[in-house]
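> Could you look at this predicted model? Sequence included:
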Amino acid sequence: MSYAINAGVELQDPVTGEWYQITDDNRQPIKIVYEVIEKTNRMADGTLRRYVVARKHKVTASWQSTWSSTAQTSDGGKGMSWLMSYYEGNVFAPVFLRLTAASVNTQDISSRPFGPIPETVATPYNYNSADTYVPSIVANNSDNLTYHVFITNFDYEVIKRNKNFDLVNVNIEFTEI
């Protein structure tokens, strides 16, 4: 089975609804962690009871030695100064985060070395859009994953000063609502 490869991070302007791509220059791998909200109790007879309320995502992205310029970067994305001003304007408000995925190769799947995709997998899934779980085949077909999040952590470290721009390390963490 093929999986979507995360190719970038996009943030939505809460006022205009426009999506802004953040630069991929010197971006480290995007980390998605699942946080399980649960209540666990040990019963009198020694058995364990576990009540799972929800599963939420934490998305972490970081950039190392990236330009702080507010102008568009070489890949057309927004720079780290723009990301810092976005954080300052939306730190206490919910925002939308989209992880874009690389294009899925749709060449003849019957000639794949491990065989064709079974008919049950190749059909589209019907899933509840309010659910936080998205099957990987749906993620591949939609080419993106969108989360409604709060910005829970932001680190901006200037590592080298220049005349026109600074080189910075940035870490940002989003937690799903």
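Structure received.

> From here on, just use CA atoms for contacts and neighbour counts.
Will do.

> which residues of this protein score low on pLDDT?
Residue ranges of the chain with pLDDT under 70: 1-7, 70-72, 101-144.

> Sort out which residues of stretch 17-30 are buried, please.
Buried residues in stretch 17-30, counted by 16 or more other Cα atoms under 10 Å: 20-25, 27, 30.

> For those, give me CSV that also has distance to residue 99 and secondary structure.
Formatted as CSV, the buried residues of stretch 17-30 follow (distance: Cα to Cα, whole Å; DSSP: H, G, I helix; E, B strand; the rest coil):
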residue, distance to residue 99, secondary structure
20, 11, strand
21, 10, strand
22, 10, strand
23, 12, coil
24, 12, coil
25, 16, coil
27, 13, strand
30, 9, coil
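
> and the two most separated of those residues?
Within the buried residues of stretch 17-30, 20 and 30 form the most distant pair, 17.0 Å apart (Cα to Cα).

> Not counting its own residues, what contacts the longest helix anywhere in the chain?
Counting residues, the longest helix in the chain under DSSP state H turns out to be helix 80-90. Residues outside helix 80-90 that contact it (Cα atoms under 8 Å, 6 or more residues apart in numbering): 22, 66-70, 151, 154, 156, 168, 170.

> Run through the neighbouring helices and strands of the helix or strand where residue 100 lies.
Assigning secondary structure by DSSP states H and E places residue 100 in strand 95-101. Packing contacts for strand 95-101, counted by 3 or more Cα pairs under 8 Å, 6 or more residues apart in numbering; DSSP states H and E, involve strand 6-12, strand 144-161.
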